[in-house]
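Q: Need the 3D shape of this:
(one chain, ligands or ions: 1)
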Amino acid sequence: IHQSCLIPEQVIHGGLADRSGLLNMGDKLVEVNWQPVAGMDPEQIIEILTQSQGTIMFKLVPMSDKPVNTPVKLYMRAMVDYCPQHDPAIPCADAGVVFHKGNVLEVVDQTDALWWQARKLPSTSAFAGLIPSAELLKRWAEESVHSTCITSRCVTFFILNSALLKRDQDNHYPSSSHSALTHPYEEVVLYQRRMQDKHRLVVLVGSSGVGVNELRRRLIERQPKIFQGPVPHTTRPPKSYEEPGREYHFIKKEQFENMADTQRFLEYAEYKGHLYGTSFDGIRDVLDKGMICIVDIEPHAIPSIRTQEFRPYIIFVKPPSCARMRKTRKNAQIITNYFVNRPFKEEDFQEIEEAAKKMEAQYGHFFDHVLVNDGLQDSCEQLLWVTRRAQDDPQWVPAAWLQPTGQS
Ligand SMILES: Nc1ncnc2c1ncn2[C@@H]1O[C@H](COP(=O)(O)OP(=O)(O)OP(=O)(O)O)[C@@H](O)[C@H]1O
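A: As a prediction, this is how the structure comes out:
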């Protein structure tokens, strides 16, 4: 309710007032149970309402120009977490919707500049609730960049991300936290791949040692006619049993550097004095054959592959608890920074868990699926099922990916 003239600013979609069709935004409330309320505070009116029993009568002066009802139905993926119970700014915390990054929200009303109405999907409820508008979230994000004081949990998230933004700007690489700050919601649509469409790129990310490479290798080994990884490029000379274009594309250093300068690599790195890289063309080669391309990448490369062309389905490989890792990795070997294999140690499990937590906090809004790599057999089955579903079932994807001439 707008304080000075007692005009409802929001009528909750699916709520009693909305379903009655008798109360509209902009109507003036003049009496409650025959008691004049003009000039009263909203709290005083709430007091009258809580003390009333049975039927409650409202006398309203309808607004002269009834709003033309043009219902919007937009779907938005939340790129941030939000908790109305910790938000001192929300007009009514009980009417707020709790959401986490990655949740899809059906936005039913954007009339108010600050507070939208939405349902969190999947939802069976007719009721919508309040969520902060994109503008409001951006404003909070900007304020928190300059703020040193944490006043509520709802704002804490932004302070955390602002720190990341600062660090990423210093590092000059594309930042996911940057996109969450400037685009707290991403419009999404349901995408059903047609038979003639290329497969979606399957992307695995996870903390080092969690088993990303092992899972990718096993998937390809299991169904080599369906899954393939891109053939990487390298500047090292071929070994006797290697064939150019099969294990690697063997190229000269200048050629490699030229490809790197012209952004033709999704990722590249140096190892023992030689350069290795995964090219975008390598991914295209697999997809053009009608196969499913599966890559494992560092999470900071996600923004550069998240394009209309590749429509990636991003799977986060998450570690189970340290106790479970201790059991399942009893006989496994970890490849250390020095590229030697040795049994897992207790510190490895803790490092894997810590790194996974950070990755999820920073990039979680990009994940389409979270796969807990507990038992290897089960994880492989799950991965197979998830990658099939990613290709065959309708999925929420950024609306920009389906625009005919749109950019990703
Ligand atoms: N679920 C699992 N149960 C038991 N062992 C596993 C499981 N997943 C992976 N491993 C083993 O853990 C070790 C590390 O796995 P992998 O090499 O795939 O790690 P990674 O995530 O690719 O990390 P990096 O990028 O550092 O190589 C391997 O020896 C692998 O066989």
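
Q: okay, which residue is most central for this structure?
A: Centroid-nearest residue in the chain, with CA atoms, centre = their mean: H365, separated by 2.0 Å.

Q: and the gap between that one and Y271?
A: Per CB to CB, to the nearest Å, H365 is found 31 Å from Y271. Every C-beta, even on glycine, is put in place using the N, C-alpha and C of the backbone.

Q: Am I right that the residue nearest to the centre of the chain is in contact with M76?
A: No - H365 is beyond contact range of M76, at 11.5 Å (criterion: CB atoms under 8 Å).

Q: Overlap in contacts, these two.
A: Jointly contacting H365 and M76 under the rule CB atoms under 8 Å, 6 or more residues apart in numbering are E186.

Q: Would you mind splitting the protein into its domains for me?
A: The chain is divided into the following domains under automatic domain parsing: 1-69, 71-191, 197-226+291-394, 230-290.

Q: Tell me the gap between the longest one and the middle of its chain.
A: Relative to the mean C-alpha coordinate of its chain, domain 197-226+291-394 is positioned 17 Å out (CA atoms, centre = their mean, to the nearest Å).

Q: So for that domain, mean pLDDT?
A: The average pLDDT within domain 197-226+291-394 is 94.

Q: Next: the first one.
A: Here the mean pLDDT over domain 1-69 is 78, rounded to a whole number.

Q: List, one by one, the residues from the protein near the ligand.
A: 206, 208-214, 328-329, 332-335, 373, 375-376, 379 (CB under 6 Å from any ligand atom).

Q: Narrow these to those in strands?
A: Counted as lying in strands by DSSP state E, out of the residues of the chain next to the ligand, are 206, 333-335.

Q: and the residues you listed, which two are the farthest apart?
A: Within those, G206 and Q333 form the most distant pair, 17.3 Å apart (CB to CB).

Q: Neighbour count: the two, which is higher?
A: Set side by side, G206 and Q333 show more neighbours around G206, with 25 against 11, by other CB atoms under 10 Å.

Q: Contacts only, for that one.
A: G206 neighbours (CB under 8 Å, 6+ apart): 212, 296, 316-319, 356, 359, 373.

Q: any chance of these in TSV, with secondary structure and neighbour count too?
A: Converted to TSV, these look like this (DSSP: H, G, I helix; E, B strand; the rest coil; neighbours: other CB atoms under 10 Å):
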residue	secondary structure	neighbour count
V212	helix	21
D296	strand	20
F316	strand	25
V317	strand	25
K318	strand	21
P319	coil	25
A356	helix	19
M359	helix	21
N373	coil	25
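
Q: From the residues you listed, pick the one nearest the ligand.
A: V212 (3.7 Å; CB to the nearest ligand atom).

Q: Would you mark the buried spots in stretch 44-59?
A: Within stretch 44-59, the residues scored as buried using 16 or more other CB atoms under 10 Å are 45, 58.

Q: what's it in contact with?
A: Residues contacting stretch 44-59 (CB under 8 Å, 6+ apart): 1, 6, 23, 29-35, 37.

Q: Could you export the contacts of G206 as CSV, including distance to D87?
A: Formatted as CSV, the contacts of G206 follow (distance: CB to CB, whole Å):
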residue, distance to D87
V212, 36
D296, 38
F316, 27
V317, 33
K318, 28
P319, 32
A356, 28
M359, 27
N373, 35
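
Q: helices or strands next to the host helix or strand of R217 in the packing?
A: Element membership for R217, per DSSP states H and E: helix 212-222. Under the contact criterion of 3 or more CB pairs under 8 Å, 6 or more residues apart in numbering; DSSP states H and E, helix 212-222 touches strand 202-206, strand 227-228, strand 292-296, helix 376-392.

Q: want to throw those into TSV with distance to Q51?
A: Shown next, in TSV, are the helices and strands packed on helix 212-222 (distance: least, CB to CB, whole Å):
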stretch	distance to Q51
strand 202-206	56
strand 227-228	66
strand 292-296	63
helix 376-392	54
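
Q: The chain: helices as residue ranges?
A: According to DSSP state H, the chain carries its helices in the segments 16-20, 42-51, 134-146, 153-171, 176-182, 212-222, 253-261, 280-288, 302-305, 322-328, 346-363, 376-392.

Q: which one of the ones you listed is the most hemmed in?
A: The highest mean neighbour count among these, using mean count of other CB atoms under 10 Å, belongs to helix 176-182: a mean of 21.

Q: Could you pull up the mean pLDDT of that helix?
A: 60.

Q: pLDDT below threshold where in the stretch 101-250 of the chain?
A: 144-180 (pLDDT under 70).

Q: For the stretch 1-150 of the chain, which residue gets nearest to the ligand?
A: Closest point on the stretch 1-150 of the chain to the ligand, by CB to the nearest ligand atom, is G102, at 21.6 Å.

Q: Can you name the residues that contact that residue?
A: Counted by CB under 8 Å, 6+ apart, G102 has contacts 77-78, 364-365, 367.

Q: Need the max-distance pair from the residues you listed.
A: It's A78 and F367 that sit farthest apart of the contacts of G102, by CB to CB, at 12.5 Å.

Q: leaving aside the residues next to it on the chain, what's closest to V32?
A: I48 (5.2 Å; CB to CB, 6 or more residues apart in numbering).

Q: Oh, that last question was meant for S207, not what I typed.
A: Per CB to CB, 6+ apart, closest to S207 is A355, 3.5 Å.

Q: Return the residues in contact with K239.
A: Counting by CB under 8 Å, 6+ apart, there are no residues that K239 touches.

Q: next one: phi and psi at it?
A: Dihedral pair for K239: phi -90, psi 170, per degrees, to the nearest 10.
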